[in-house]
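# Make a model of this:
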Amino acid sequence: MKKLTLLSVTAGLLLLLNGCGGGGCDGDDCNGNGGGSPHSVINDGVIVPVVGNDKRRFICIDKMKIDDKEYAASCNKLITVDGKPNSHQVIYGQLKDFQDMPIYHPDGRAYICNQEKDVVGNGVNFSSVIKQNDKLYFISEFDCAIGAIYIADVEKLSTGELIVKRDTMKFISQKDEFGGYRHQNGSVTPWESYLGSEGYAPDARIIEEKEYSLQRGEEPVFDPYYEETALFWGGDLSKSNPYFYGWANEIIVDANEVPHFRKHYSMGRFSHHTQIVMPDRRTVYLSDNEEKGAIFMFVADKKDDLSVGTLYAPKEKITKEGNLTAVEFDWINLGHISNRTMKLNISEKLKFSDILEITPPNSDLECPFDFKPVIGSSAIECVRDKLKVNKSVLSRLETVRYAQMQGADLNFIRPRGLTYDGDRNRIYIAAEGYVSPVFHSNPCGFVFAGNLTGSKIDTSGEVINSNFILNKIYPILEGKKEEYPVTSEYAGNECSVNYIADPESLSYLQGKNILTIAEGGNKHINQMVWNYDLNENKLTRIMSHPINAHPVAINWRRDLKGYDYLIYGVQHPLMNDEEATEEEKHSYIGYWGPIKVIP
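This is a model prediction of the structure:
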């Protein structure tokens, strides 16, 4: 027997994260360029709702300060998930099956991905406007067990106003890629394609054990989202497979204006939240939204083609230079493979037991010889490769387990939002925390900066073929725990209303030093969207969402035919509010703007 040696496994169950002032950065390193907690909120942000009517409405800033100049604009709805068909009987947000036929509830209502009692999912998620064929297209993904994606033409008026041409709305088929699943956040690539994601990949081990439990007459563990995929397969769950889901995806509109959906199996399977492509048009960073999550790196063989490449997992260590405590990244090569090869393997409908053998550790947390300790569906698992598939195939099917078997560290706590800052050549990461004894914990969350380098070898000694390799990360911004007394107008907020809480989505306004941050979770009664001025080290509250609403789809779009826009989404506002009308509860996508291209 060999003793469990994963310090990060045991420590990760006990230690939570970090930040400035607690081992992160301090002094001169906590400025706008090096990072640090902001000292104040500038005065021209939107209010913190304290009365009922304000808490129930969406509030948007009407003037945004950028480069010491004020730009006046407003928030405008692009489209609402209202269940109304267009002239072609297409309903925005309706789910479809493996034959692209609309799905209906037993009572005949269209099954629309909007958070309701009889819908398994949350509603509209990442959405954006892309430029192709000298036209603008609106693309929108939905977070339900059966993931829907829609596309429509966008008209830009002479004033810069955007209008989704609803009668052009079309469903984007995913049937050739086993259907969609729980679409999350995304980005727009440098070649103007839409890069999306499937989150919360179903655990193949749990799915298989459920089948055995039923055979033995035991109480099984159910995954309600995976169970719901039966609707996609005409009610037959046996046609589904957990390895069908949990992948990054891309939508490319061709010269004939036809959208093509593809899953990038080459980029690994886990709880994808955000993927961002670097300026080299080959290097991609991907966030794994789990309690023990990670940032993965993918390097494609060719520019503008993410179908073939090498996936890397992080090996991390704490470093200290002067006042800056950081996490230094080395990278473990998980193998090279193509979408095509992966799809052939996935089509075989493999089970977990086909590729990995698993056994529990003993009472001393020891694994048998030749088994590796990992965090899996239970606290600690001992796993061994059954040598039934190529290691690169295994690394994509069971990315998180395989990465740990190779020594990777999964120290982030729910890393989600990612964005690239071309002014400083670094990325930003939104997360609940980072597991390390040298950093302090903060339940209100963090934003990290990650420096990139153009010269690095992987842990096997091979050169990484990229000039945008994540080298070090450090916290630059954090929330602040606050216990408001019951007599306070802010009672019920668990984090200070003047700081971020549960940062989830990020978008950087290139050339303008503005990092836009959307919250998630429930630490603020009304979830906020903020602008963080990296030069002045100040936050501005730019949007306040209605109670129970979730900010989604935050992404800056520059120079869409001469105008800049901030796309945003309001997911399930006033959910569970019995006094709200159905119309008030509709999710929608909008934009702040228009403003002439900011020079």
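# Quick one: neighbours of the spatially closest residue to residue 341 that is not a sequence neighbour, just the number.
Spatial nearest neighbour of residue 341, excluding adjacent residues (C-beta to C-beta, 6 or more residues apart in numbering): residue 393 at 7.3 Å. Placement of C-beta: from N, CA and C, glycine included. Neighbours of residue 393 under the rule other C-beta atoms under 10 Å: 21.
# Pop out the phi and psi values for residue 393.
Main-chain torsions, residue 393, degrees, to the nearest 10: phi -70, psi -50.
# any idea how far it lies from residue 174?
Using C-beta to C-beta, to the nearest Å, one gets 22 Å for the distance from residue 393 to residue 174.
# got it, and residue 252?
Distance of residue 252 to residue 174, computed by C-beta to C-beta: 14 Å.
# do residue 79 as well
20 Å.
# can I assume the residue nearest to residue 341 is in contact with residue 334?
No - look at residue 393 against residue 334 with C-beta atoms under 8 Å: they stay out of range, at 10.9 Å.
# sorry, back to before: pLDDT value on the residue nearest to residue 341, please?
As predicted, residue 393 sits at a pLDDT of 98.
# for it, what are its contacts?
By C-beta atoms under 8 Å, 6 or more residues apart in numbering, the contact set of residue 393 is 337, 341-342, 345.
# cool, residue 175 as well?
98-100.
# For those, pick the one with the most neighbours.
For those, the largest neighbour count, defined by other C-beta under 10 Å, is 20 neighbours, found at residue 98.
# Within the helices and strands, which one has that residue?
Under the assignment given by DSSP states H and E, residue 98 is not contained in any helix or strand.
# Might one say that it is in contact with residue 234?
Yes - shown here, residue 98 and residue 234 form a contact pair, counting by C-beta under 8 Å, at 6.8 Å.
# Kindly state the pLDDT recorded for residue 29?
For residue 29, the pLDDT comes out at 37.
# same deal with residue 548?
What the model reports for residue 548 is a pLDDT of 94.
# Helix, strand or coil: sort out the spatially closest residue to it that is not a sequence neighbour for me.
Across the structure, with C-beta to C-beta, 6+ apart as the measure, the residue nearest residue 548 apart from its sequence neighbours is residue 575 (4.1 Å). Secondary structure for residue 575, judged by DSSP: H, G, I helix; E, B strand; the rest coil, is coil.
# Residue 575 and residue 554, how far apart?
Note on residue 575: its distance to residue 554, by C-beta to C-beta, is 20 Å.
# and the two? which has more neighbours close in?
Set side by side, residue 575 and residue 554 show more neighbours around residue 554, with 24 against 19, by other C-beta under 10 Å.
# Can you give me every residue that contacts the more buried one?
When contacts are counted by C-beta under 8 Å, 6+ apart, residue 554 touches 505-507, 516-518, 529, 566-569.
# One more pass at 6 Å, please.
With C-beta atoms under 6 Å, 6 or more residues apart in numbering as the criterion, the residues that contact residue 554 are 505, 507, 516, 518, 568.
# For residue 231, see how far away it is.
30 Å.
# now do residue 432
Distance, residue 432 to residue 231, using C-beta to C-beta: 32 Å.
# same question, residue 371
38 Å.
# Would you mind telling me which of the two has more residues around it?
Taking other C-beta under 10 Å, residue 371 and residue 231 do not tie; residue 231 has more neighbours (23 against 20).
# got the contact list for that one?
Under the criterion of C-beta under 6 Å, 6+ apart, the contact partners of residue 231 comprise residue 103.
# now the protein, which segments are flagged as low pLDDT?
Across the chain, residues meeting the criterion (pLDDT under 70) sit at 1-44, 212-219, 378.
# What spatial separation is found between the most centrally placed residue in it and residue 199?
Nearest to the centroid of the C-alpha atoms of the chain, with distances taken as C-alpha atoms, centre = their mean, sits residue 273, at 2.1 Å. Spatial separation of residue 273 from residue 199 under the definition C-beta to C-beta is 6 Å.
# Between the two, which contacts overlap?
Shared contacts of residue 273 and residue 199, defined by C-beta under 6 Å, 6+ apart, are found at 184, 289.
# In contact with the residue lying closest to residue 144 once chain neighbours are set aside, which residues?
If the residues on either side of it in the chain are set aside, residue 144 comes closest to residue 121, at 2.8 Å by C-beta to C-beta, 6+ apart. If a contact means C-beta under 6 Å, 6+ apart, then residue 121 has 113, 143-145 as its contacts.
# Hmm, residue 546 is touching residue 56, no?
Yes - counting by C-beta atoms under 6 Å, residue 56 is a contact partner of residue 546 at 5.4 Å.
# helix, strand or coil for residue 493?
Secondary structure for residue 493, judged by three-state DSSP, is coil.
# looking at it, it is touching residue 524, isn't it?
Yes - the criterion here is C-beta under 6 Å, and residue 493 meets it with residue 524 at 5.4 Å.
# Looking at those two, which is more packed in?
Neighbours around residue 493 and residue 524, counted as other C-beta under 10 Å, are more numerous at residue 524. The numbers are 25 against 19.
# From residue 495, how far off is the more buried one?
Here the criterion is C-beta to C-beta. By it, residue 524 lies 6 Å from residue 495.
# Look up the residues that both of those two are in contact with.
Going by C-beta under 6 Å, 6+ apart, residues that sit against residue 524 and also against residue 495 are residue 501.
# mind listing the helices in the stretch 251-400 of the chain by residue range?
Defined through DSSP state H, counting those that start in this stretch, the helices belonging to the stretch 251-400 of the chain, from first to last, are 339-346, 352-355, 391-397, 399-405.
# next one: the stretch 51-200 of the chain
Taking DSSP H, counting those that start in this stretch to define them, one finds helices in the stretch 51-200 of the chain at 52-55.
# all strands for it, in order.
When secondary structure is read from DSSP state E, counting those that start in this stretch, the stretch 51-200 of the chain shows strands at 59-60, 63-66, 69-72, 74-80, 121-132, 135-144, 149-156, 162-164, 170-171, 187-188, 194-197.
# which residues touch residue 529?
Neighbouring residues of residue 529 by C-beta under 6 Å, 6+ apart: 518, 542-543, 551.
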